[in-house]
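Peer 1: Kindly return the folded structure for what I paste below:
(one chain, ligands or ions: 1)
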Amino acid sequence: MKILVVNAGSSSLKYQLIDMETEKALAKGGCERIGIPGSVLKAKGNGNEKVYEQDMPNHKVAIELVLHALQDGEIGVIKSMHEIGAVGHRVVASGEYFTKPTLVTPEVQKTLEEKTFELAPLHNPAAATGLRACMEVMPGTPMVLVFDSSFHATMPEKAYLYGIDYDDYKKYGVRKYGAHGTSHKFVSAEAAKYIGKKPEELKIVTCHLGNGSSITAVDGGKCIDTSMGFTPLAGVMMGTRSGDIDASAVEFLARKKGLSHADTVTYLNKKCGVAGISGVSSDFRDLDAGAKNGNKRCVLALDMFNYQTKKFVGAYAAAMGGIDCLVFTAGIGENSPHIREGVCDGLEFLGIKIDKKQNLMRKDGILDITAKDSRVKVLVIPTNEELVIARETAQLL
Ligand code: AMP
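Peer 2: Next up is the predicted model:
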């Protein structure tokens, strides 16, 4: 079966067509600037690449163009859209409404649209728009929602609750949900495979470090805690997100800056993190360059990021009563040896020691950076969220 994986943003739509027999992506690409002048689809397939500069006023037109690209003479990989067995949609937040991949019915679509938008106002409305577009263009093809937060559904109450009035948690659903679940699930399973043990036998800390960053404690194959919270603003500081901050400081900042509640949250999401500290950029490549040139605030931003990440690794080793494996993944985790070294530095007391030369290597698959005398395996594993979405979609069907 071939599964189309769709990841819709407010003005973008990324896709992969995955053949489930080989688990390989036959085609992939992304539409950018949907609804904005200058929209473009960059598509790959059949070993070729093609750019479609075409007006895409909405997601429906975008998905029509994606289907056209999938059947294109040069880069096409299918003859008819009926070869697509199902569509798996990435959805960021599920709240407590969905705990596992879910086949779309009118009722499911209603719950997605009426209940979950406020939990991820930047992400979930876009996913719902992508879903509607696919349903219109591909009537009769099964649609499945795969939630970023599903992997975190196994967290115990003591981990996901905030110290607020329990009745308010019950009434409003204010609790930790986590994010990047598909990535944490994928890399922790890959780590177990690489080590040659069953996931049930391992205590793994996975660090998904990218534009958004989260750290997860995976005990026996199950998530028992994660650093993101009610929304993806919590945990370590990120590109532009503040990460954890005292709630009183939020009210104080709002008052001092004359901002509304909503604008203060936007400020914490968009103007803070390493971009706010460095005053230079949210991109860790720019911070590295700044630090090399002696920019002290770039050095500080990197130090803070490493320190905060390291604290979560220590906390999760404590929560699990040990650690067998530490995994780095996503844009920063896969590409920045400096950050990996900075996070691991000082964790020798936990049995974590990396081979500094090996850490500088690059590899397509899993890069093992464990030092010979390290008790804990330290691995760099490229994430593949699309494959998890495709697998879960296929399994559900
Ligand atoms: P992601 O959200 O997983 O796509 O990660 C994107 C982020 O990865 C970018 O914003 C960069 O900060 C970071 N990144 C990508 N390549 C490198 C690199 N070679 N060194 C450091 N950071 C990188």
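Peer 1: For whatever residue of the chain ends up closest to the ligand, which three-state class applies?
Peer 2: Nearest to the ligand, among the residues of the chain, is residue 331, at 2.0 Å (C-beta to the nearest ligand atom). (C-beta placed from N, C-alpha, C; glycine too.) Following DSSP: H, G, I helix; E, B strand; the rest coil, the label given to residue 331 is helix.
Peer 1: Give me every residue in the stretch 101-250 of the chain lying close to the ligand.
Peer 2: Residues of the stretch 101-250 of the chain lying close to the ligand by C-beta under 6 Å from any ligand atom are 210, 211, 239.
Peer 1: which helices and strands sit right next to the helix ranked longest in the chain?
Peer 2: Looking across the chain with DSSP state H, the single longest helix is helix 296-320. Helix 296-320 is packed against strand 203-209, strand 213-219, strand 222-226, helix 273-278, helix 284-292, helix 337-344, with contacts defined by 3 or more C-beta pairs under 8 Å, 6 or more residues apart in numbering; DSSP states H and E.
Peer 1: and if we set it to 6 Å?
Peer 2: Helices and strands touching helix 296-320, by 3 or more C-beta pairs under 6 Å, 6 or more residues apart in numbering; DSSP states H and E, are strand 203-209, strand 213-219, helix 273-278, helix 284-292, helix 337-344.
Peer 1: Surely residue 26 is in contact with residue 19?
Peer 2: Yes: between residue 26 and residue 19 there is a contact under C-beta atoms under 6 Å: 5.4 Å.
Peer 1: re earlier: which residues are in contact with the residue of the chain closest to the ligand?
Peer 2: residue 210 (C-beta atoms under 6 Å, 6 or more residues apart in numbering).
Peer 1: Pull up the per-residue confidence for it.
Peer 2: We have a pLDDT of 94 for residue 331.
Peer 1: for residue 132, same thing?
Peer 2: pLDDT, residue 132: 96.
Peer 1: cool, the one 5 residues further on as well?
Peer 2: In the prediction, the pLDDT value recorded for residue 137 is 94.
Peer 1: For it, which non-adjacent residue is spatially closest?
Peer 2: Nearest non-adjacent residue to residue 137, counting by C-beta to C-beta, 6 or more residues apart in numbering: residue 63, 5.0 Å away.
Peer 1: How about residue 297?
Peer 2: residue 278 (4.8 Å).
Peer 1: since we're on that neighbour, how many residues are nearby?
Peer 2: 22 (other C-beta atoms under 10 Å).
Peer 1: Surely it and residue 299 touch.
Peer 2: No: taking C-beta under 6 Å as the definition, residue 278 is not a contact partner of residue 299, at 8.8 Å.
Peer 1: Kindly provide the distance from the nearest residue to residue 282 once chain neighbours are set aside to residue 108.
Peer 2: Distances taken as C-beta to C-beta, 6+ apart place residue 239 nearest to residue 282, at 3.3 Å, with adjacent residues excluded. Using C-beta to C-beta, to the nearest Å, we find residue 239 at a distance of 32 Å from residue 108.
Peer 1: more crowded one of the two?
Peer 2: More crowded of residue 239 and residue 108, by other C-beta under 10 Å: residue 239, with 22 against 17.
Peer 1: Work out for me the element the more buried one sits within.
Peer 2: Secondary structure from DSSP states H and E places residue 239 outside every helix and strand.
Peer 1: Identify the residues contacting it.
Peer 2: 211, 273, 282.
Peer 1: 7 Å instead?
Peer 2: Residues counted as contacts of residue 239 (C-beta atoms under 7 Å, 6 or more residues apart in numbering) are 211, 273, 274, 275, 282.
Peer 1: Please apply the same query to residue 314.
Peer 2: residue 350.
Peer 1: before we move on, what about residue 34?
Peer 2: In this structure, residue 34 makes contact with 11, 12, 13, 56, 58, 59, 62, judged by C-beta under 7 Å, 6+ apart.
Peer 1: Switch these over to JSON lines; also include neighbour count.
Peer 2: Output for those, formatted as JSON lines (neighbours: other C-beta atoms under 10 Å):
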{"residue": "11", "neighbour count": "16"}
{"residue": "12", "neighbour count": "17"}
{"residue": "13", "neighbour count": "25"}
{"residue": "56", "neighbour count": "25"}
{"residue": "58", "neighbour count": "12"}
{"residue": "59", "neighbour count": "28"}
{"residue": "62", "neighbour count": "30"}
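Peer 1: mind giving me JSON lines with those and columns for secondary structure and pLDDT?
Peer 2: Output for these, formatted as JSON lines (DSSP: H, G, I helix; E, B strand; the rest coil; pLDDT from 0 to 100):
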{"residue": "11", "secondary structure": "coil", "pLDDT": "87"}
{"residue": "12", "secondary structure": "coil", "pLDDT": "89"}
{"residue": "13", "secondary structure": "strand", "pLDDT": "93"}
{"residue": "56", "secondary structure": "coil", "pLDDT": "96"}
{"residue": "58", "secondary structure": "coil", "pLDDT": "93"}
{"residue": "59", "secondary structure": "helix", "pLDDT": "94"}
{"residue": "62", "secondary structure": "helix", "pLDDT": "96"}
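Peer 1: Which pair of these spans the longest distance?
Peer 2: 12 and 58 (12.6 Å; C-beta to C-beta).
Peer 1: circling back: which one of the residues of the stretch 101-250 of the chain next to the ligand is nearest residue 361?
Peer 2: Of all those, residue 361 sits closest to residue 210, with 20.2 Å by C-beta to C-beta.
Peer 1: My guess is the closest one contacts residue 330. True?
Peer 2: Yes: shown here, residue 210 and residue 330 form a contact pair, counting by C-beta atoms under 7 Å, at 3.4 Å.
Peer 1: Name the residue in the two with the higher neighbour count.
Peer 2: residue 330 (23 against 19).
Peer 1: can you give me the helices for the stretch 51-200 of the chain?
Peer 2: Listed in chain order, the helices of the stretch 51-200 of the chain (DSSP state H, counting those that start in this stretch) span 59-70, 106-115, 124-137, 157-160, 166-172, 181-195.
Peer 1: Since that was my last question, I'll sign off now.
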